[in-house]
Structure formats: C-alpha cells, structure tokens
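> below are the sequence and a predicted model; questions follow.
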Number of protein chains: 4
Amino acid sequence: MYSFNNDYSEGAHPKILEAITRTNLDQNSGYGTDGHCTRAREIIRREIGREDADIHFIVGGTQTNLITIGTALKPWQAVICVAQGHINVHETGAIEATGHKVLAMPGKDGKLTPADITQALNLHTDEHMVQPKMVYISNSTELGTQYSKAELEAIRSLCKEKDLYLFLDGARLGSALTSEVNDLTIKDIAALTDVFYIGGTKAGALFGEALVISHPDLKPDFRFMIKQRGALLAKGWLLGIQYEELFTDNLYYDLASHANAMADILRKGISGLGYSFAAPSLTNQLFPIFPDEVIETLQKDFVFSIQEKGTNGHSVIRLVTSWATKEDACRQFLDALKTCSM
Amino acid sequence: MYSFNNDYSEGAHPKILEAITRTNLDQNSGYGTDGHCTRAREIIRREIGREDADIHFIVGGTQTNLITIGTALKPWQAVICVAQGHINVHETGAIEATGHKVLAMPGKDGKLTPADITQALNLHTDEHMVQPKMVYISNSTELGTQYSKAELEAIRSLCKEKDLYLFLDGARLGSALTSEVNDLTIKDIAALTDVFYIGGTKAGALFGEALVISHPDLKPDFRFMIKQRGALLAKGWLLGIQYEELFTDNLYYDLASHANAMADILRKGISGLGYSFAAPSLTNQLFPIFPDEVIETLQKDFVFSIQEKGTNGHSVIRLVTSWATKEDACRQFLDALKTCSM
Amino acid sequence: MYSFNNDYSEGAHPKILEAITRTNLDQNSGYGTDGHCTRAREIIRREIGREDADIHFIVGGTQTNLITIGTALKPWQAVICVAQGHINVHETGAIEATGHKVLAMPGKDGKLTPADITQALNLHTDEHMVQPKMVYISNSTELGTQYSKAELEAIRSLCKEKDLYLFLDGARLGSALTSEVNDLTIKDIAALTDVFYIGGTKAGALFGEALVISHPDLKPDFRFMIKQRGALLAKGWLLGIQYEELFTDNLYYDLASHANAMADILRKGISGLGYSFAAPSLTNQLFPIFPDEVIETLQKDFVFSIQEKGTNGHSVIRLVTSWATKEDACRQFLDALKTCSM
Amino acid sequence: MYSFNNDYSEGAHPKILEAITRTNLDQNSGYGTDGHCTRAREIIRREIGREDADIHFIVGGTQTNLITIGTALKPWQAVICVAQGHINVHETGAIEATGHKVLAMPGKDGKLTPADITQALNLHTDEHMVQPKMVYISNSTELGTQYSKAELEAIRSLCKEKDLYLFLDGARLGSALTSEVNDLTIKDIAALTDVFYIGGTKAGALFGEALVISHPDLKPDFRFMIKQRGALLAKGWLLGIQYEELFTDNLYYDLASHANAMADILRKGISGLGYSFAAPSLTNQLFPIFPDEVIETLQKDFVFSIQEKGTNGHSVIRLVTSWATKEDACRQFLDALKTCSM
C-alpha cells in the first residue's frame, strides 16, 4: 500500500534529522529563546526581505491560526474566508472556540475574491452583527489552487482600503511558490500580507510553522498568546534547527519542487487517460474524478481520501504528493489506473 | 411618524404596568426565588402541559439563546440553524463568543428542513470538524413564516434519531400560535422540543423570555449559567409578575392575535394594490416588495426597515405589527401606499 | 418578616414607575437609541463634568463588569482586585468566562491598596504568566467601606504610571458619595477613573447601571460588545427614563442618603448595645458580630444573610438598608436585639 | 556555563532519536492513528494496569492541562489547586482562557491537602459562585515535593465523596516515582486518579505527554477537543515512537532515577555546606537559600533561576537536574559553592 493521503505521512528530510541529532546534547535555553531560533529568524527575515518582521515558530497550523486570529480580533470581530477554508471546515471550530465567527464566502476554485470580501462587508453593517476585521486566505488553497500576484494585490488593496488585516495561511506555501504558473515570490507574500506563515510540517520538517508578523498592531506581547494556548514549545530550538536547515541551500524550495514534480506526473498521466479534475490545481494536491469502481480497485494498493462522494457513480478523490513521494509510486498508480480504466 | 419598525417600540400592556406598580413596595427575595416567579412557573407548566419542566425567566432573547446553547454543548459541538436564524445573523456572534460554531443551512422560506439537518450531519464526520449536537429553529421565523405540526414533528423525529437537542426560539411564539394557518398548540411545542421559550419582549411585556427546559440533560445547575452570563435579574419578580399577567385571562394570546390582525389588514391591503411579498408570512412580520420611489415616499410618514436593497429599482421592506399597533395607523399606511402607487 | 437582606428587595422609587407609566405607549426606537437615553446621557455628562464621556445603560452589574473587562483586556491580560471583590467571588466566574484571570489581592477592609497592585505587578513578570492590565475597585466596597479621595488618587497615580486601566464598580456608588465621611464627588470619580458606573438597581431604579467610559481606548465599538453579551435591552428607553428621574431634583443622592441614614440608626443602636463589627463600614451595609443564639432569635422576625459562620459561638451577619428601608423596621430590629441581648 | 535552569535544556535520550531516525521514511497515518501510537498505548496500559484507560499523546503540558480541564468542566465549574500550581501561575491564564476559574488554595509545601479542598467547597455554596468540580495536583509538585500514598488516597477519597474529578499533572511523575521516599507505583497513580499524565518532555523525550483517562465521563469525543485546541500533532507517530522507547527496558524510570541521583549529590553537598532549603524536596528540583553575593558568584559559571528574591540579603534559587545532567557539573557546582562560601 502506498499512501497519497497527505503530505505528512513521512518524517523529515534527513538533513533535518541529522541537525537535530548533531546538536542533541547541547544545552539550550527554552521556549524559542535559543541561538538556533535567533539564527533561523535572521535567515528568514533576509529571505523575505523584511527586517522589521517578528517571527515565531509554532508546532502546528491549527495552533498558528487560532493564536493569530485570536490575537488580532476584538471579541466582536470576525474573519472572512472562503467556504473551503481550513479554519472554516477542518479545525473543529478552533476559531469559534476563541470566540470569533468565521464568515465563509463562496469564492472561486477555492480562492477568495475581492467581491466576496465586499459582500461580507456589505452584509455586516451595525452592532447587531459581527464586525469583519480580518481576511484569511491559504496559498496554495485547500483545493490546490493558488493566487496570482494580481489576485493577491487586489485583495491586499481592498483590505487596506477597508482596514482589514490580511492573513495568509502558508501551510503549503512552498507548493504554491514553486508551481509552474506561480508569479509570486516569498518577498511579495511578505510585502502583501499583514501576517503569514511558512509551513514546515507539510514541507519536509518533522513539524513547525514559521509565523511572520509585519503589521505593528499584531506584534506586542504575542508570546503571551502563544504560551497561553499551549503552543510555546519547551524545547523550542527543535523548531529553530529545522528552519535553519530548510532555508539553507534552497532546501525548502527544492522539496516543494519535488512534490510538485510528482503531482505533475500524476496529473498528466490522469489527464492522458481522459479523466477530468474537480479543481484546476497545479500544486501538490490533485482532485481527479473517477468512476466508483475504479476508485475501489485503486484502493487495494493505494491510500487516498474521498473528497466528495458522487451520486452518479463518479466521485472526487484527493491525491497529495510531498517532498518524500517516490516517482516509482506515481508510475505504479498510473499503471494501476490505466489497467482498471480499460 | 408612525413606526412599523419592530414589535418592541412601546412599553408594556397596561395590566402589566399596573401589576408592577401595585406590588412595587412589597419586599421580595431576589434572583427569581420569589413568589411571583413561583406562581408564574406554575401557571406556565399548566399551560404547556408539562409538570416536569424547569422554567427560568430571562430578560432578553440573545441572553436566552447564548445561555441555552452554551449550556447544552460541549466545547467542540455546534448548533445547526437556518441561514437567516437570529443566532446566525443578528446576535453579533453571541454563540461563537461562547465558543461554538453555528452551522447555517439554506432552509426554505426561513424554515429549517430535515434535509438541511441531514446535510449538516453528513458534512461533519470526524474529529477534524465540529460535531453538530443541537438544532435551533425560530417559530415564527425571522421571515415571519411558521412551522406546521407536521414540519415540527419531522424535525423532532430526526433529532431524536440523531441524538440532537431541539431548541425552539419563541421570541415571536405568540404570533405563530395565533396565526390563521397555525395547527400547533403550546402543548405541542412543549412536547416536541427539548427546550424552548415563550417570548415576552415582543408580546406585550416590558421585557422577558420564559425559558422552558424539558430535556433532563439541560436542567442541572442551569442557574449557575444564567448568573455567570449576567442574566440573573436582581429584582427577578419583575419577570414573574409579567408572566403572571400574560398567562391570566388569555392576555398573551389576545395580544398576539391583535398583532396578527393588524398584519392581516396590511397584508390584504398591500396585496390588493398588486404588490407581492418576499416571504409567505402570515404572522406579524411582512416583507413587501415596493418600488424605491414608493419606499421613499412612505418613509416620510412611517418608520420601517429596508430588508434588502434591490438592484432593479425595487426593494424589500419589513413591516412589523405588535400588540400595540393601532388599526388607524395601518389604514393610514395603506392610504399612503395607495396614493403613491397611482 | 422584614428583610435587611439586600438593597434590591423592593421595586423602584414611585417617581420612576410614574415616568415609565406616563410614557408607556409612546413609540421609541430600540436599543438605547431613543430620546430618553440621549437626555439621560446629557444629564449625567453634566453631573460628572465630562462632556467627552461615552455613556451606556446596561441592565445589571455582572453584565456591566464582564462587558467592560472583556472589552478592555487582550486575551492574556488580567484584572487585579481585592479578595472580596464582586468579580472575584459573586459572579460565578463571569470574568473568567470571558477568558481572563482575576488576580485577587488581600487588600485592607475590603479596599485594594497601591501595595496590592505593586505586588501583583511584581509577581507577573513574563509571558509565562498573565499580564495585569486593569485594576477593579468597588466604591462603596463589598464590605461597606469606601475610598477616600487620597486613596483613590494614589491608586489612580499608580495605574497611570504602570499603564493600567482603572475601573470603578459603582453598584453602590450613591451610598459611598453620601456617607458622612466621604470626601469624593462624582466629578472626582469621573476624573480619577478610566471607566466607572453609577448603579441604579440598588439605588431606587427597577434595574440599570450607567456605565461611563472616559478612556479613549475603551470607547470604540463598545455597543458591539453589549449586544454580543445579550445586554443591549430592546426597550432601552426604560433605562434612559430611570436615569432621567434619578438625576432630576437630586433624587439619586436623596435615596442614597436615606439608605445611609437608616444604616446609621442600626449602627449606632448596635454599637450602643455593645456589639462590634467585622468591617468599619459607614455606608448602607453593616457587618455586626452577634452570638449565634441572638442571630437565631433575630431570624424569627428579620431576614438577613450570614456573612461568616463563626466557630466560637459568634457569627458575622450582613444588614443592608436601602432607599426603601423603613425607619420603623430599624427601630424594631434594635428593640428585638435589645430584648434578646439581655 | 552549565545550566541547571530546568529539565528540558537538552534534546532526547539517544535511543529515542535513533528510533525516530530508523523509521523516518516509513509512511504512517496521521494524527495518532498509526501503529506506533497503538503499540505505545498498549505498553502503557499494561504498565499502569488499566486496560480500560483511554490514552492520548499530546505535545506539551499546558496543552494537556487546558484540554483536560476544558473538557471536564461545564462553563460554570472551577478547578481547585494549590497556590503554586502550574495552572495557577505559569500557564498565562490558559485555564481561564477556556472559561474556568482556578481556585488557588494555600496547601502545604506545594501540596494540596484535603483541608484545602474542604475549604474551597465550603466557600462555594450557591449559583452566585463558581462550582468546584475538579481537583488538580502535580506529582512531583512545583516545589519538588511529592505525595505519599496515604496523602493521595486521602485526596482521592474526598474527591469521590464530593463528586470531584481528580486530575494529576505528571509532567515530573518520573522524578516522584523514583524518589527515595516514594511509596506510590504508577499503578497506584492510575488507580487513584480520574485522569493523569506521564510527562515526556522533562523525562528524556524531545516532547510529549501521555494522557491517561480512566473516568468514563471524560472519554467521549476527547479527540475533538485535542484537535480544536491545535494539539493533534499531524505526525503523531513521533509521539508514539518516543513512548515506545521510554517504556521499553525501564528507560523512563532509569532516566528519572539519574535526575534524582544528580539532585541528591547537589542536595547533600549543599546541606553539607550548611545551607538550608525553602522546600523539603527529594526529587529533581531543589530550592536552596543562598546569600545574594554567593548567588552572583555562582551565576558566572552556572545558569539557574531565582525563585524568590529575598529582602534580607538571602534569596531562594531553583536548581533542576535531568536525565542529561552530568555528574561532573554537579561536582563543579559544589566546588564553586564551597569556594565562594569560605
């Protein structure tokens, strides 16, 4: 059984484990106040071109989302996102548990549009309703699609005009930035958002998200919130070391490129066999539509999730590749698909 | 200027004020532990046919909703309601502020359907998503429509099967129960829900909602939650006295009938002039569609809200009648409408 | 049975009920946007000498406390108060339910001291602990004591220096301001705090607290928070009317003076019989220490609470007088005490 | 500089890193549903003698505390702990952020007593106050002391009688169980609590706490809460692997014994030089009292925290040993102390 179930089915890139092992018995100060975290912050600030940014390392994405949104919003404020947004669907109400409403808008291909934001603002006009104050987007998105520079600039411009914070969830930022159609740099991301993060968990680290805060409103006392939500890792240098490695010798981008290359093989093979996709993804998540009997056959040798159970004998599945995906496994998947498609 | 803006523009029915004045200097024990509250609870238990119910008097509807839902749900659980539901739109995120997601479903004419509930359940399947545990409906609804006995029974039956609490917001229960098409009694309401309330604020009281809890899970220590949320009125007998009056000599129903009768006059008059409505309401809220210039003319003499600003030169307004609405005012409104419709 | 159990055992001063009755059928806009509230705000601004203050009318004290503190604090911040503080003991964890720790300090005679505040700050030094950001005091206090001008100025000065908000709970402000030893005016209170309230519930109103916000940080969007917590009374003019009456012809102060005068009678009589008090109160709450058998005898004819059950055959009781307390009842209490003390 | 600052200054025991490295490229299912977690759960169930226990692996202690307490309590309920309790002091109000009051009692030597619990119950008698429902204790405690079997049984018995959940924070459980005066087994801990955890972070793991739930009330849907609070580690097998190693060949106890042995060396040496301690600790945390000038000299070569700055020229410091502490470093500390004590 080979798994295309997600991009966090394996451990970490060997360089990362080696660095952790090499430094294992060094003494470090706790909670991210160590030298590794300091160096990793410096490397990232240089990489993103923002010397003014505050950077915090946090173990997981849901934590990062709830801490960031919970810090940014006053009790009556809400965050706007697309219907498929991770915070709206797949975090067990983590944002609501911080007291805030998530305003889910329809979007297009998993991407939020300026029209969505405008509509959310128009619907919330007085103190009997929540007050939208933040926009949350993911890049790449939950449907594997990605924002172009023009799209991100349009959202940014509207947020500025309407005094909304713009927060970009970069759990899969690497896959977006290394996609063949991408026209955004990580510097653009840093320049066009108030706060975003560079995901490690799905990008070759054991775990970890690097949160980058640019907006001065969001910086003060942020570590209090991290600690309060149980997210200030005691051995914080484990996070620092991983980001030192990821942003040395281009490792972060190389690993994301590999994931995308594996997805390309799958995408082209699947298309070549005449199948279509439920979302126009060019990153490491694919959403092909297969007949149910094909899916059943594939499930004998491969692990993946059913994204949407169809009612017409066809369903959408989700295939995810990662830094660790083997090309052989992709070929075998395509062979199996070919066989059961005849 | 005469206001059809809502059903809480005037004080209370004179009998209520008289009772408060008559007993003003009596000493009572605080926080709803007094004799008036005790008697009012007894009267209501008899009225609804449930001697086993716990009854609490609370000042307002948003309080009542957040206390009830906040008590019923565990931190990761969610409440299902229709998109227009008061808790989803008009309570400034009060439910989310207790930590719980509101799952808004499309519904039909402002009413939640069993299909909506089933869909919400089907979409929430594991611990990565919130767990639906309560269904919230309003009767009459936010669009002035109302549930038939068959509809309520169908929802009840599904809730039982799926182990969901059924909570009915009765802020405008009187208008539903006295509508010409109604086939539900207050005993039915009590029998078919786990918890519901009998609204006073919009029904002739100065303020107050009588919450009726039937489900044993929701009863223990409920007063702790009322107190914690700042809703345990110090001079609680003010609530008891009002409900004693409302449920003596049929006052509650008479006042609701008057509100509906006034709405009938408006509805028939408006229909007779050839206008249509955005919702098939037969209670005390009407949603006629008028040309924008007609609306502007009417606004010179009448207060009402714009429900939905149209883009084609027509908009939906909301007209609300109450126990205090004067028949003359309704006639004058129709006259004005007639004049500016020529 | 005559009750000295609290200062909210009767309804409202007759002038207030008359005003409510007189205006009962007037139409008003909802949620405190009416003319009565506007006028009441103007009257209060003049009374307190702060034209810049934002004033909100809220039904009860626990609501007012949780809304104010919940608005002022960021998620990781805490409020300092004295151990007996209402928010620490008697609000069922309402402040914690908004997510904030209450830092209870020992104080002296129910009053918080600058030394308490300094100690709280010294104990909370980094992000592993909550961050104190607000000081909460009550005047008169939960032990019936009151702050002198010098004491309030000292606290204010420390709060300024340490960047802490100062919040004064004035549920019983009238009793403090009309006490014989008082040297504070309501203008002083307004000048020396960031936010405070003028209690109505315990001062002759049916219900209501007038919250006065001076600090600009706390003003924006405050009505959103009131609504979200279920405290935006639909028929808000009921609150406005009551404050119009209370601050016309000195009524508020006259009623508080009466309560204090009644307490004076009790205090002097009790002292004259040789009993002592657990707190040096000169307002409308008294805490005499009586032998348990005396208490049992008194309980046959009078209602009051046991403040602290002693272990040596003596206990502390609480006697509370109000605007409605009858002088005769006080005399009868003293007679009864005399009889059973012989 | 050698650090005695805490017991999480180094990485993990080499066996743990080797196991993670060995299995690094295996594919595992996410979120703790993998084979390593399954096996680790089986091993722990056997170790603690409770086949019925639910076991969850969570990254850190604050997370574990807030998730457990937040799940167990209804909104108005509170948790009782000793004043020095980690949840009361060092979690930035994490428990209050879940909405619950922490009732801090004085205790003795950092340990909660049945008398503390009884007092907390006696002070909380009705719905105007929070309702105590859980007791939280740490073993070893925040002062390095530990509960005897008799003490734990007495607390347990009282909790049963009063219907309180008993929760034991075992962040430093190993140090307690391997202390020379300990008379509790891990089976006793499991039998005498409703929920407890076996700390990994301070016991030789990179990170991780194994939460053991025995009480049936606390089991249902617990993973929803873990996920909602951002604590369901994507690569959950990293936790499983670590506990497989810790509970193979007695590693967990051996590492804790080493930490205690190092503390013994320090304790005896310090005592031998005539110094006393602020707490009678026999585990891996020591609280010696030194003259301030001695402390300043020691700080040139050693890292440790000041527990309590004295006013008489003497202060309390905290020295912590761990699985990784080197005997040489302890000797050097004692030599340095000897030198500067002459």
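Received it, and whenever you're ready, just let me know what you need.
> domain assignment for chain A?
Here the domain parsing of chain A from automatic domain parsing is A:2-7+A:253-341, A:14-246.
> average pLDDT across the longest one?
I take that to be domain A:14-246. Averaging pLDDT along domain A:14-246 yields 98.
> starting at the chain centroid, how far to it?
On the basis of Cα atoms, centre = their mean, to the nearest Å, domain A:14-246 sits 8 Å off its chain's mean C-alpha point.
> likewise for the first one?
For domain A:2-7+A:253-341, the distance between its averaged C-alpha position and the chain's averaged C-alpha position is 19 Å (Cα atoms, centre = their mean).
> that domain near chain D at all?
Yes - for domain A:2-7+A:253-341, a contact with chain D is found by Cβ under 8 Å from any Cβ of the partner chain, at A:2-3, A:5-6, A:303, A:324. Backbone N, C-alpha and C define where each C-beta goes, glycine included.
> which one of these is nearest chain C?
Nearest to chain C, judged by Cβ to the nearest Cβ, of those is A:N6 at 31.0 Å.
> list the contacts for the closest residue to that closest one other than its chain neighbours?
In space, and not counting its chain neighbours, A:N6 is closest to A:V320: 5.0 Å by Cβ to Cβ, 6 or more residues apart in numbering or on different chains. Residues in contact with A:V320, defined by Cβ atoms under 8 Å, 6 or more residues apart in numbering or on different chains, are A:4-7, A:284-286, A:304.
> nearest to chain C: which residue in the stretch 51-200 of chain A?
At 3.7 Å from chain C, A:W76 is the closest residue in the stretch 51-200 of chain A, using Cβ to the nearest Cβ.
> in terms of helices and strands, where is the closest residue to chain D within the stretch 1-150 of chain A?
Nearest residue of the stretch 1-150 of chain A to chain D (Cβ to the nearest Cβ) works out as A:Q63 at 3.3 Å. Per DSSP states H and E, A:Q63 falls inside helix A:61-72.
> okay, the helix or strand following that helix in CSV with CA atoms only?
With elements assigned by DSSP H and E, the helix or strand that comes after helix A:61-72 is strand A:77-82. This file holds the C-alpha atoms of strand A:77-82, laid out as CSV (Å, rounded to 0.1, in the frame of the first residue of the first chain):
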residue,chain,number,x,y,z
GLN,A,77,-14.9,40.9,15.3
ALA,A,78,-14.9,38.2,12.6
VAL,A,79,-12.6,36.7,10.0
ILE,A,80,-13.7,36.4,6.4
CYS,A,81,-12.6,33.3,4.4
VAL,A,82,-13.6,31.1,1.6
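> and strand A:77-82, what other elements does it pack with?
helix A:86-89, strand A:102-105, helix A:114-123, strand A:131-138 (3 or more Cβ pairs under 8 Å, 6 or more residues apart in numbering or on different chains; DSSP states H and E).
> thinking again about what came up before, out of the residues of domain A:2-7+A:253-341 next to chain D, which are inside strands?
Those of the residues of domain A:2-7+A:253-341 next to chain D mapping onto strands are A:2-3, A:303, per DSSP state E.
> circling back to that earlier point, quick check: the residue of the stretch 51-200 of chain A closest to chain C touching B:T92?
Yes - in this structure, A:W76 is within contact of B:T92 by Cβ atoms under 8 Å, at 5.4 Å.
> can you list residues touching both of the two?
Jointly contacting A:W76 and B:T92 under the rule Cβ under 8 Å, 6+ apart are A:127, A:130, C:224, C:227-228.
> in a markdown table, list the contacts of A:V320 along with pLDDT.
Shown next, in a markdown table, are these (pLDDT from 0 to 100):
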| residue | pLDDT |
| --- | --- |
| A:F4 | 98 |
| A:N5 | 97 |
| A:N6 | 97 |
| A:D7 | 97 |
| A:N284 | 98 |
| A:Q285 | 98 |
| A:L286 | 98 |
| A:F304 | 98 |
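> would you map the helices across chain A?
Remark: helices assigned in chain A by DSSP state H are A:14-22, A:35-48, A:61-72, A:86-89, A:94-97, A:114-123, A:149-162, A:173-177, A:186-192, A:222-228, A:237-246, A:251-272, A:292-298, A:327-341.
> quick one, which of those helices is nearest to A:D54?
Ranking the helices of chain A by proximity to A:D54 (Cβ to Cβ) places helix A:222-228 first, at 6.6 Å.
> tell me which other helices or strands the closest one touches.
Short answer (3+ Cβ pairs under 8 Å, 6+ apart): helix A:222-228 packs on strand A:54-58, helix A:61-72, helix D:94-97.
> want to throw the ones you listed into TSV with mean neighbour count?
Compiled in TSV, the helices and strands packed on helix A:222-228 are given as follows (neighbours: other Cβ atoms under 10 Å in any protein chain shown):
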stretch	mean neighbour count
strand A:54-58	25
helix A:61-72	26
helix D:94-97	28
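> in a markdown table, list these along with distance to C:D292.
Shown next, in a markdown table, are those (distance: least, Cβ to Cβ, whole Å):
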| stretch | distance to C:D292 |
| --- | --- |
| strand A:54-58 | 59 |
| helix A:61-72 | 51 |
| helix D:94-97 | 38 |
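> of all these, which one is nearest chain B?
helix A:61-72 (9.3 Å).
> the closest one close to chain B?
No - judged by Cβ under 8 Å from any Cβ, helix A:61-72 stays clear of chain B, getting no closer than 9.3 Å.
> and the contacts of that helix?
For helix A:61-72, the surrounding residues in contact (Cβ under 8 Å, 6+ apart) are A:58, A:79, A:86-87, A:91, A:94-95, A:97-100, A:133-134, A:136, A:165, A:167, A:169, A:171, A:195, A:197, A:199, A:201, A:209, A:211, A:217-218, A:222, A:225-226, A:229-231, C:74-75, D:227-232.
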